[in-house]
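# Sequence first, then the predicted structure, then my questions.
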Amino acid sequence: MNTMKWLLRREFWEHKGGFVWAPLIAAVIMVVLVAGVVGYGVSSGRMNGDSITVRVGGEEVHRSQMADLATRHSRTEMASVAANNYIAVGAPVFIVLPTVAFFYFLAALYDDRRDRSILFWKSLPISDSTTVLSKLLTGLVLAPVITVGIASAAAFLILMLAGVAVSAQGVNLFGPVLSNVNLYLSPVYLLAMIPVYVLWALPTAGWLLLVSSWAKSKVFLWAVGLPLIVAVLLKWMDYLLALYGSTIHADWIVNNVLETLLLGLVPGAWFMDGGTAMPVNGGHGVDLLSVLGASWGSLARPELWVGAAAGVAMILGAVRLRRWRDEG
């Protein structure tokens, strides 16, 4: 356990730029842009004009109607909508995660061979399986946890800035929002989805680690180019066979196999193929508790476990290749 702890620390410090600074910079840019817009609107008085409209429950309400709005729609309901949906504002930060994780796994085992540092690490009493497992935990658990923390903080700051903008319209929502329990549970819901994310991401992580442990050079071309070439060949064969009234179901293979190899690191990938519906609460946006339930419900899909098993098999292959392939 102590060995794993130090291996995780090593991975974190060596890739701190991707795991921490990349999402942090994205979050800072978001907050600064929103703060600039709100600050300019308040200081210039442009938020005081009747041209400002707010959409509530599908209804557009002008600034002059904000006082009526506060009586017709309780502040508690408005605060509940804000507290349930504010975390979605951090979506741009989550876009950083699959990009960082993709290139991290792609270089995880290749870089050690390229700079010959693998000879040093193999001189230590650390097994290949432990080393690969530490990289897997870093990319699939540590990186998402860090991203959730940064995205939640950024979304909270933007929510407070939105509260300032709404206050300029004569409606104070700080009290109801800050006292709403969902404001604090939303990040917990996201953290609770990480085990689901790990299972869906295993095929992509396993494929990238396998390529990283095998390819002598141009790992990106092997990892991405090979599946794309296979997809093109399958489409071509399907077209030729269609002339004779036959098919190999190339579309199914591309959608269910090749996309899983390349897109599994995207958060919420289980909603992308239509197999699991994204729960939407009418005009009130997305309820994260319902999303959490739907996410865990995706574990009943057989393709998840087939993909996870294939991912584990590829990870074992990466471990074996690392044991014998140490050339630069």
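Everything's here; your move. Numbers count the residues shown, from 1 in each chain.

# So, low pLDDT: which residues of the stretch 201-328 of the chain?
274-275, 277, 280-286, 325-328 (pLDDT under 70).

# And the helices in it?
Using DSSP state H, counting those that start in this stretch, the helices of the stretch 201-328 of the chain run over residues 219-220, 226-242, 250-253, 259-263, 269-272, 288-297, 302-324.

# Any chance of a markdown table for those helices, columns mean neighbour count and distance to Gln169?
All C-beta spots, glycine's among them, are computed from the backbone N, C-alpha and C. Below are these laid out as a markdown table (neighbours: other C-beta atoms under 10 Å; distance: least, C-beta to C-beta, whole Å):
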| stretch | mean neighbour count | distance to Gln169 |
| --- | --- | --- |
| helix 219-220 | 18 | 50 |
| helix 226-242 | 14 | 51 |
| helix 250-253 | 15 | 50 |
| helix 259-263 | 20 | 41 |
| helix 269-272 | 19 | 34 |
| helix 288-297 | 18 | 27 |
| helix 302-324 | 17 | 46 |
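
# looking at the ones you listed, which is closest to Phe156?
Closest approach to Phe156 among those (C-beta to C-beta): helix 288-297, 14.0 Å.

# Now do that closest one: which elements does it pack against?
helix 182-192 (3 or more C-beta pairs under 8 Å, 6 or more residues apart in numbering; DSSP states H and E).

# related to what we said a few turns ago, closest one to Ser134 among the helices of the stretch 201-328 of the chain?
helix 302-324 (11.8 Å).

# Name the residues that touch that closest one?
Residues outside helix 302-324 that contact it (C-beta atoms under 8 Å, 6 or more residues apart in numbering) are 109, 118, 128-129, 131-132, 136, 199-207, 209-210, 212-214, 256, 260, 264, 270, 275, 298.

# give me every residue that touches Thr147.
23, 93-94, 96-97.

# how far away is it from Pro98?
10 Å (C-beta to C-beta, to the nearest Å).

# List the buried residues of the helix or strand hosting Ala107.
Assigned by DSSP states H and E, Ala107 belongs to helix 91-108. By neighbour count on 16 or more other C-beta atoms under 10 Å, the buried set for helix 91-108 is 93-94, 96-98, 100-108.

# helices or strands up against that helix?
helix 22-44, helix 128-137, helix 143-167, helix 194-214, helix 219-220.

# ok, and what's touching it?
Contact with helix 91-108 is made by 15, 18-19, 22-23, 26-27, 30, 135, 138-140, 143-144, 147, 150-151, 154, 201, 204-205, 208-209, 211-212, 219-220, 223, 263, 265-267, as judged by C-beta under 8 Å, 6+ apart.

# Good, we can wrap up now.
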